[in-house]
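>>> Next one to model:
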Amino acid sequence: MGEYKPGTAPIKPEFVRESWPARSEPLAGPVQLVEPPAEAPHAPSDGARNDEAPAESAEAPASERPKKRARGQNKARQFARTDDIVSLCTQIARGDSCAFGDKCRYGHDLCAYLTHKRRDIPYLAPPPTGSVRTLSQAERDAYLDRLYAQAVQSEQPPAATPAPADPVQASLDYATECPYFSERGACPAGWRCRFLGAHVRRVSASQACIGAEAQGVLGTGLELVHDHERAAAWRARPAPAQPENDEVNWLAPGVAKSLRSKKYAYDKAPIITRLLADEAQALHALSPAEAATTPLGKGPLHIDYEQHRRLERLKAASMRSDASEEALEAYEDALRNAREGSDAAADTARVRPAEKRRLQWKGELYLAPLTTTGNLPFRRLCASFDSDIHCGEMGMAESFTSGHASEWSLVRRWEGERIFGTQLCGAKPEFLVPTAEVLAREVGDGLDFVDVNCGCPIDLVYNKGAGSALLDHANKLGRIVRGMSEALGEVPLTIKLRTGTTAKQTTHKIFARAQTEWGVGGMTLHGRSRKQRYKNDADWAYIGQCVDALHSSVRTWNEESRCADAPEMVPVPVYGNGDVYGWRDYYEHVESTGVDGAMIARGALIKPWIFTEIKERRDWDISSRERLDLVRQFASYGLTHWGADTQGVNTTRRFLCEMLSFTHRYVPLGLLEHVPVRMNDRPMPFQGRDALETLLSSPSAQDWTRIADMFLGPAPPDWHFTPKHKSNAFDDAAEQQG
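Residues are numbered from 1 along each chain as shown. Predicted coordinates:
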């Protein structure tokens, strides 16, 4: 056994190679591992081009390869929107009639659409539970043998039903499986589904062959199939969030439009932000000694909303050109009474801190909010390995209040996510408080918490005063937390922090105030600074100091500031984050620092099964076939989330490649001389125990696309994938969300 060198993964000599293979050896089998045939020509959408710089090929001559490893992000990435050759109206695609008739700008000629439609994608039937992990060992082996055993033996592509001579029906593959239809008995993509053969029935030849005698829908000789038994079983599944859908947190009709047109009727936010601004102005006028002792800026906001609305009405009446003297006096009297007795007149129905939902987090495994990669299908994949707490991808507060559909999709929740929240990023209370109110009003029942990002290190966010910039402006952060907490009602508010913006660690000062002065509901701390990024190990000792600072502040508040009739304050949950790559890391950090648990980011990106390893306290030498089935599992979740039409398939393809850009960094345990391995240990080029393991470890973006092609069919000719990060290094290629 060789001596361990920090920074280098200890791979057994028999697996080490001088360089990564220029091309993984060809594979074939039930999933297509040979070079796929090119797609039929298609028309790309206007202005939608692919990445400006294509992914670096492993086949490039040595003279053309860069001498230094590329670093940083590919910030100019673009992905082509690939549409069908012939457009088809959505209503016609679903088998309905179009209300616009001849005035519809989309096509209604179903025969023309099917004639030019790409060939159906062969797809494998998933196990009934979606994940092989829930099967017994015998059932799991039988399933993997049936799907993947021939992957290293056969050189033939998977069999598909021969294309019929009828041009309208030529694209159909009756042997394929539609993930949506196999689960729910109907597919919303309808005729546009890329797995159409799974839910269509042939009743005759089409009108292209027999003219007016053709039966079926619009002369196609085909009918859409609805499996009513499957649909009934789907609606009767245990504890559904909604009988017809397994995703929640959808905006009600008209809300997005009112947000975009700036006509949304905010109830609390204008009052809260105005009070916070007045409070900040009053604090600014105080000396440092006075500011330290004043109750201003501390504790929950006490707001009588009805009184404020009455003042607004009286103020508006007094400012009219024909206002009477009585109207002016009424406004002045009301204003004086409000200033003198606001605490006594506080609205008794307001949600108080004691009535907020308390976060009972202790030992739960927290999947970090991950930009780009933390999408709903990936969270579902992690949930299958027993992750407990999920937080959606970071969304910008201004985009939420502008009604951007892409931002509102980030709050979508799968019904199986046990604890779910969403993360917001913003620089000012004026942005974040209205967002908090609209989230609570529109999707509050589907949120267990809302998180504020105070750790994002990227310049675009930092230079706006958001993300980790808030670490240097504690008073502003306090106003944000207090204002958002008031606007959220009973929904708890958490904050995600870093150790500071520079090498000087300052976050312990925030921990001393966050609960006792601002009323935060929970905190997570990444043990690195903004400047540090991932260059060094996370500082878990400092995380422990911050936990001590929180507990000390709560103790002091209970002893010195608690009113006689107030309940005793209990410290809120604190989660640490950084370098958790195995169960030993997890338990060592939790036990040595006093945190309530750990948030896992890069560890979950590289090996989503880390949650099972932690809960079972074992090192899992997962097989290449099981890893490949995770790709199938993600593809299935992606198709049911983004859709099974052409656009949905290629969206799934894109995010599947995003996932593979991290999972390929996993070094199989059987190849290591000793365990545990550290997250920042970079492997030398190596070969796996079989050809499939070698392929799954390839750092080539072209190979990631090949893997995606196994489940999603050949990519369109102009489709290619550029990784988010230029480097494949273990130390600096991870989510940059904070």
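
>>> right, and residue 602 touches residue 666 too?
No: using Cβ atoms under 8 Å, residue 602 is not in contact with residue 666, being 11.2 Å away. Every C-beta, even on glycine, is put in place using the N, C-alpha and C of the backbone.

>>> Which one's more surrounded, these two?
residue 602 (25 against 18; other Cβ atoms under 10 Å).

>>> any idea how far the more buried one is from residue 678?
Using Cβ to Cβ, to the nearest Å, we find residue 602 at a distance of 12 Å from residue 678.

>>> swap in residue 614?
16 Å.

>>> quick one, strands of the stretch 401-550 of the chain?
Using DSSP state E, counting those that start in this stretch, the strands of the stretch 401-550 of the chain run over residues 413-414, 419-425, 449-454, 493-498, 522-526.

>>> contact partners of the third one?
Right, the one you point to is strand 449-454. 359, 369, 391, 394, 419, 421-426, 432, 436, 439, 466-468, 470-471, 477, 480-481, 484, 488, 491-498, 521-522, 524, 737-738 (Cβ atoms under 8 Å, 6 or more residues apart in numbering).

>>> Quick check: which of the strands of the stretch 401-550 of the chain is buried the most?
strand 522-526 (a mean of 27; mean count of other Cβ atoms under 10 Å).

>>> so where do the strands sit in this structure?
Assigned by DSSP state E, the strands in the chain fall at 200-202, 222-224, 247-248, 366-367, 389-396, 413-414, 419-425, 449-454, 493-498, 522-526, 574-577, 597-600.

>>> chain center to the first one, what's the gap?
This points to strand 200-202. If you compare the mean C-alpha spot of strand 200-202 with that of the full chain, they lie 37 Å apart, counting by Cα atoms, centre = their mean, to the nearest Å.

>>> Now do it: everything it contacts.
By Cβ under 8 Å, 6+ apart, strand 200-202 touches 169, 172, 216, 221, 222, 223, 224, 225.

>>> One more: stretch 471-481?
Counting by Cβ under 8 Å, 6+ apart, 276, 279-280, 283, 297, 426, 428-429, 432-433, 452, 454-455, 465, 470, 493, 495, 497-498, 500-501, 506-507, 509-510, 513-514, 517-520, 530 sit against stretch 471-481.

>>> buried residues in that stretch?
Residues of stretch 471-481 classed as buried: 471, 474, 476, 477, 478, 479, 480, 481 (neighbour count, 16 or more other Cβ atoms under 10 Å).

>>> which two from the residues you listed end up farthest apart in space?
Using Cβ to Cβ, the pair of those lying farthest apart is 471 and 479, separated by 14.8 Å.

>>> what residues are shared contacts of residue 602 and residue 678?
What both residue 602 and residue 678 touch, as defined by Cβ under 8 Å, 6+ apart, is the set residue 581.

>>> how many other residues sit next to residue 553?
Counted with other Cβ under 10 Å, residue 553 comes out at 19.

>>> my guess is it contacts residue 520, does it?
No: counting by Cβ under 8 Å, residue 553 sits too far from residue 520 to count as a contact (11.5 Å).

>>> any weak-confidence spans in the protein?
1-2, 22-80, 125-130, 149-164, 311, 313-354, 725-738 (pLDDT under 70).

>>> do that again at 50, thanks
Scanning the chain with the threshold set as pLDDT under 50 gives 24-70, 151-157, 331, 342-350, 728-736.

>>> Domain map for it?
13-234+633-712, 353-620 (automatic domain parsing).

>>> Using TSV, lay out those domains together with distance to residue 723.
Listed next are these as TSV, based on distance: least, Cβ to Cβ, whole Å:
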stretch	distance to residue 723
domain 13-234+633-712	5
domain 353-620	11
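
>>> okay, these, which one's buried deepest?
domain 353-620 (a mean of 20).

>>> gap between it and the chain center?
That offset, for domain 353-620, works out to 15 Å (Cα atoms, centre = their mean).

>>> Next: stretch 221-229.
On Cα atoms, centre = their mean, the centre of stretch 221-229 falls 34 Å from that of its chain.

>>> what does that stretch contact?
95, 114, 166, 168-169, 172, 181, 185-186, 190-191, 199-207, 209, 214-217.

>>> what's residue 191 in contact with, if anything?
Per Cβ under 8 Å, 6+ apart, neighbours of residue 191: 88, 92, 93, 94, 95, 110, 113, 114, 224.

>>> out of the residues you listed, who's nearest residue 626?
residue 224 (35.3 Å).

>>> Mind naming the longest helix for this protein?
Secondary structure of the chain read by DSSP state H shows that its longest helix is helix 540-560.

>>> Can you show me the CA trace of that one as CSV?
Below are the C-alpha coordinates for helix 540-560, written out as CSV (Å, rounded to 0.1, in the frame of the first residue of the first chain):
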residue,chain,number,x,y,z
TRP,A,540,-15.4,23.6,11.6
ALA,A,541,-13.7,24.9,14.7
TYR,A,542,-15.0,28.3,13.9
ILE,A,543,-18.5,26.9,13.3
GLY,A,544,-18.3,25.5,16.8
GLN,A,545,-17.4,29.0,18.1
CYS,A,546,-20.4,30.5,16.4
VAL,A,547,-22.7,27.8,18.0
ASP,A,548,-21.2,28.8,21.4
ALA,A,549,-21.9,32.5,20.6
LEU,A,550,-25.5,31.7,19.8
HIS,A,551,-26.0,29.7,23.0
SER,A,552,-24.3,32.3,25.1
SER,A,553,-26.6,35.1,23.7
VAL,A,554,-29.7,33.0,24.4
ARG,A,555,-28.6,32.3,28.0
THR,A,556,-27.9,36.0,28.5
TRP,A,557,-31.3,37.0,27.1
ASN,A,558,-33.1,34.5,29.4
GLU,A,559,-31.3,35.8,32.4
GLU,A,560,-31.4,39.5,31.8
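
>>> Could you tell me the angle between that helix and strand 522-526?
If you take axes from the mean of the first three to the mean of the last three Cα atoms, to 10 degrees, helix 540-560 sits at 150 degrees to strand 522-526.

>>> Return the list of helices and strands in contact with helix 540-560.
helix 507-514, strand 522-526, strand 574-577, helix 583-593 (3 or more Cβ pairs under 8 Å, 6 or more residues apart in numbering; DSSP states H and E).

>>> so it versus helix 583-593, what angle?
Using the same axes, to 10 degrees: helix 540-560 against helix 583-593 is 40 degrees.

>>> those helices in the stretch 1-150 of the chain, which residues are they?
90-93, 110-116, 137-148 (DSSP state H, counting those that start in this stretch).
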